[in-house]
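*Asks:* Please work out how this folds:
(one chain, ligands or ions: 1)
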Amino acid sequence: MTALPELVALDRRGRVAVLTVNNPPVNALSHGVRLGLHDGLRQAIADGEAQAIVIVCAGRTFIAGADITEFGKPPRDPSLHEVLDTIESSPKPVVAAVHGTALGGGLEVTLACHYRVGAAAARFGLPEVKLGLLPGAGGTQRLPRVVGVEQALRMIVSGDPIGAAEALEHGLIDRIVEGDLTAAGVAFAERVVSERRPLRKLSELTDKVAAARGKPEIFAEFRQSVARQTRGFRAPERCIQAVEAAVTLPFADGLRRERELFGELLSSPESRAQRYFFFAEREAAKIPDVPADTPVREIRKAAVIGAGTMGGGIAMNFANAGIPVTVAEVTREALDRGLGVVRRNYEATASKGRLTKDDVDKRMGLITPTTDLQAVADADLVIEAVFEEMPIKKEVFAKLDAICKPGAVLATNTSTLDVNEIAAVTRRPESVIGMHFFSPANVMRLLECVRGAKSSRTTIATAMAVGRRIGKVPVLVGVCYGFVGNRMLHQRGRESERLILEGALPQQVDRMLYDFGFPMGPFAMGDLAGLDVGWRIRKGRGDKALVADRLCELGRFGQKTGAGYYRYEGDRTPRPDPEVEKIIVGVSAELGITRRPISDEEILQRLLYPMVNEGAKILEEKLAIRPSDIDVIWVYGYGWPVYRGGPMFWADSIGLEAVRDGMLEFGRRAAGHFWRPAPLLERLAGEGRGFLTA
Ligand SMILES: NC(=O)c1ccc[n+]([C@@H]2O[C@H](COP(=O)([O-])OP(=O)(O)OC[C@H]3O[C@@H](n4cnc5c(N)ncnc54)[C@H](O)[C@@H]3O)[C@@H](O)[C@H]2O)c1
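*Replies:* Next comes the predicted model:
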């Protein structure tokens, strides 16, 4: 074996040279790997005994992408382009043998090879778009030449990988191989040599791109099909343009176009935000005083108390992950109703072909309904999702304390109640924690894990780990009213109400947030969720929200009654309603408010600045570990557009001075303690710093 600059080993098996990349954990294409491949290739090409070359990876996967820690740093030679040139122009056939995942630059390496084989479980993808980028090392030019334009568009614009069978079907790989991968790669290379197969350079293939030439409708239709998912993002359109270049330009010019577009994306605010967010999400898993080696309780059985809106959805998460879950209710009727909703949910998914009938039965089979609370005695984790009333929660926890086995994690899904007060009714507050799911609980990825004053490290680590296991993105927060997400949302809600009373209309407020990148604004959201829910709660508490109350008194509960803040004509499209305008104008007059035109800019600032300010208070109060955790909460729980990073990242990007000055200015115009900048905001703005650079 020849020693090479670390990371890549060169070996020869008979007449086939083997380059093995070994850069754990995922064989990222760091500088050392590029250098090793480059030198190794040159040596193998120079080796008179070698007639073919195999590139294979050690460890659990093929090259799973670029080393994104190198982004933004000065480039170091050899570039990936140089390495790929060396591969493709090799006079000896080069075969990639893939296991695990060949992603991004990893897939581009295989596309420069003359042949590709893969293990049956291997996956192939170009996920750059998820970081706001495009495959910048020939991927947008070579992939359409081998799989065709439509399939290349699907892969590059979605960023989702495909499996080996699909890769074979589309010609992306030449064979699915079994057994030892290196041996299989070498055997394949042997065949190429003995059969004197040509050097198949993808850059020189033309038939598949030629087939799309003069057919702009292919691109027009594709653009339309992804318009909804890609709204506001910069990268998907640039990916499409790069593939267009593969069709209209010779390979070398296409590569240049790809590089230009890549450069634009790399320095774009959208990609910066998306790359920031990629790390933010990973960072959220780290808890300074709960190290990664903290013992966690293994969750073999779970239980959910309450089969209402949330309980049913929460139970589905466990069944989906293959974890048996008992669902306890007080009455048979409530149980049947709840489980009925769960079954219908699964059946709806099955009818779209995304689940087989067998899967539905299997998942339903993992859910055990009961009206006997004793049945949760052997659960390792119990999540309470009963009515949002403290006396009921306390009663349930006192019972759980008596019933559950020692060490079981007892979690509450409360949105507003004090987790410490709930924990205090048990003799084991160390085992109690909040697990705050978002509605619909089987869909929304965010999970706020709410750390009580006495929650033990094991309890915290277990809640975070099981959250990940059921496909959520858990973020640890502290106890306060509304926790992190809803506490900030409350600020935005208050301002949206005030804005319509001062002169804006729901459609103007909603449009600003929609254009900012949210899926919808607060009024359309209210109509979707049902205005009656809040109305009943307000009536119970003696609270008022004048416009919303007036709408509800008229039976306008939102989409379900065909009218709320908007009108609905048999579909979900909100249509502005002159009736609503009349009501709003009337309420303004009753309150003695002179309505005035409100600029779009003011609307956006008044909706978002107080949220950022609340985020600053949350950080001061140490209710979130770090500003990026707040961003993760807003992207996964509330539809904040990921290409704007999250509220704290966004505030940094516009400058905290602007946020502080805006707060002060709005405070001068209308009294309200909530306009006072948080001390942390004040300090950072004064120092010219940001939350994330503090
Ligand atoms: N709905 C949301 O959007 C949302 C979001 C996050 C958190 N939450 C929280 O989740 C919890 C449940 O909310 P929901 O919207 O599912 O309410 P829901 O009214 O739809 O369901 C509550 C269920 O609990 C059952 N229940 C009541 N007392 C019980 C008891 N002693 N034992 C067993 N079951 C009992 C009821 O029969 C009912 O089916 C609340 O704490 C709420 O604040 C709700």
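
*Asks:* Which positions in this structure make contact with the ligand?
*Replies:* For the chain, the residues in contact with the ligand (Cβ under 6 Å from any ligand atom) are 305-311, 328-330, 334, 338, 385-388, 392, 396, 413-415, 437-439. Heads up, the C-betas are built off the backbone N, CA and C, glycines and all.

*Asks:* are any of those buried, and which?
*Replies:* Buried subset of the residues of the chain next to the ligand (neighbour count, 16 or more other Cβ atoms under 10 Å): 305-307, 310-311, 328-329, 338, 385-386, 396, 413-415, 437-438.

*Asks:* Among those, which lie within helices?
*Replies:* Among those, the ones falling in helices (DSSP state H) are M310, G311, G338, V396.

*Asks:* Under the pLDDT cut-off, which ranges of this protein? List them.
*Replies:* The model of the chain has pLDDT under 70 over residues 1-5, 694.

*Asks:* And the residue of it closest to the ligand?
*Replies:* Going by Cβ to the nearest ligand atom, the ligand is nearest to G308 of the chain, at 1.8 Å.

*Asks:* what comes up buried for the helix or strand in which G667 is found?
*Replies:* Per DSSP states H and E, G667 falls inside helix 656-669. By neighbour count on 16+ other Cβ under 10 Å, the buried set for helix 656-669 is L656, V659, R660, G662, M663, F666.

*Asks:* mind checking how far that helix is from the chain centre?
*Replies:* In this view, helix 656-669 has its centroid 32 Å away from the chain centroid, taken as Cα atoms, centre = their mean, to the nearest Å.

*Asks:* Could the C-alpha coordinates of stretch 427-434 be exported in PDB?
*Replies:* Output of stretch 427-434 as PDB, limited to C-alpha atoms (Å, rounded to 0.1, in the frame of the first residue of the first chain):
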ATOM      1  CA  ARG A 427     -43.200  12.700  44.500                       C
ATOM      2  CA  ARG A 428     -40.900  12.600  41.500                       C
ATOM      3  CA  PRO A 429     -40.600  16.100  40.000                       C
ATOM      4  CA  GLU A 430     -37.200  15.100  38.600                       C
ATOM      5  CA  SER A 431     -39.000  12.800  36.100                       C
ATOM      6  CA  VAL A 432     -41.500  15.500  35.000                       C
ATOM      7  CA  ILE A 433     -40.900  17.700  31.900                       C
ATOM      8  CA  GLY A 434     -42.900  19.500  29.300                       C
END
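
*Asks:* how about D515, what does it touch?
*Replies:* Contact analysis of D515 by Cβ atoms under 8 Å, 6 or more residues apart in numbering lists nothing.

*Asks:* immediately after the helix or strand harbouring it, which helix or strand?
*Replies:* In this structure, D515 sits in helix 506-516 according to DSSP H and E. On the C-terminal side of helix 506-516, the closest following helix or strand by DSSP H and E is helix 522-529.

*Asks:* tell me what that following helix is packed against?
*Replies:* Counting contacts by 3 or more Cβ pairs under 8 Å, 6 or more residues apart in numbering; DSSP states H and E, helix 522-529 is packed against helix 485-502, helix 506-516.

*Asks:* possible to save those helices as JSON lines with distance to T182?
*Replies:* What follows is the helices and strands packed on helix 522-529, written out as JSON lines (distance: least, Cβ to Cβ, whole Å):
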{"stretch": "helix 485-502", "distance to T182": "49"}
{"stretch": "helix 506-516", "distance to T182": "51"}
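
*Asks:* of all those, which lies closest to L447?
*Replies:* Between L447 and the helices and strands packed on helix 522-529, the shortest separation by Cβ to Cβ is 10.8 Å, and it involves helix 485-502.

*Asks:* Measure how that closest one sits relative to helix 506-516, angle-wise.
*Replies:* Relative orientation of helix 485-502 and helix 506-516, computed by axes from the mean of the first three to the mean of the last three Cα atoms, to 10 degrees: 140 degrees.

*Asks:* Next, the buried residues of stretch 37-45.
*Replies:* Under 16+ other Cβ under 10 Å, the buried positions of stretch 37-45 are L37, H38, D39, G40, L41, Q43, A44, I45.

*Asks:* Correction: the previous question concerned stretch 162-177.
*Replies:* For stretch 162-177, burial by neighbour count (16+ other Cβ under 10 Å) applies to I162, G163, A164, E166, A167, L168, H170, L172, I173, D174, I176, V177.

*Asks:* Tell me the one among those nearest to V547.
*Replies:* So of these, ranked by how close each gets to V547 (Cβ to Cβ), first place is I162, at 49.7 Å.

*Asks:* Tell me the bridge partners for the closest one.
*Replies:* Here I162 sits in beta bridges with F124, going by DSSP bridges.

*Asks:* Taking helix 522-529 as reference, get the angle to the helix holding D515.
*Replies:* Using the same axes, to 10 degrees: helix 506-516 against helix 522-529 is 100 degrees.

*Asks:* hey, where'd the strands end up in the stretch 101-250 of the chain?
*Replies:* 101-103, 115-119, 123-125, 162-163, 175-177 (DSSP state E, counting those that start in this stretch).

*Asks:* those strands in the stretch 251-400 of the chain, which residues are they?
*Replies:* For the stretch 251-400 of the chain, strands defined by DSSP E, counting those that start in this stretch occupy the ranges 302-305, 325-328, 367-370, 381-384.

*Asks:* Mean neighbour count, those: which tops it?
*Replies:* Counting by mean count of other Cβ atoms under 10 Å, strand 302-305 has the highest mean neighbour count of these, with a mean of 29.

*Asks:* Just list what that one packs against, helices and strands only.
*Replies:* helix 309-320, strand 325-328, strand 381-384.

*Asks:* Might you report the residue contacts of T349?
*Replies:* Applying Cβ under 8 Å, 6+ apart, we find T349 in contact with L355, V360.

*Asks:* Check W650 too.
*Replies:* Neighbour list for W650: A273, L608, V612, R644 [criterion: Cβ under 8 Å, 6+ apart].

*Asks:* and the helix or strand hosting it, which residues are buried?
*Replies:* Assignment of secondary structure by DSSP H and E places W650 within helix 647-654. Neighbour counts over helix 647-654 (16+ other Cβ under 10 Å) mark P647, M648, F649, W650, A651, D652 as buried.

*Asks:* Relative to L131, which of those is nearest.
*Replies:* Checking the buried residues of helix 647-654 against L131 by Cβ to Cβ gives F649 as the nearest, at 14.6 Å.
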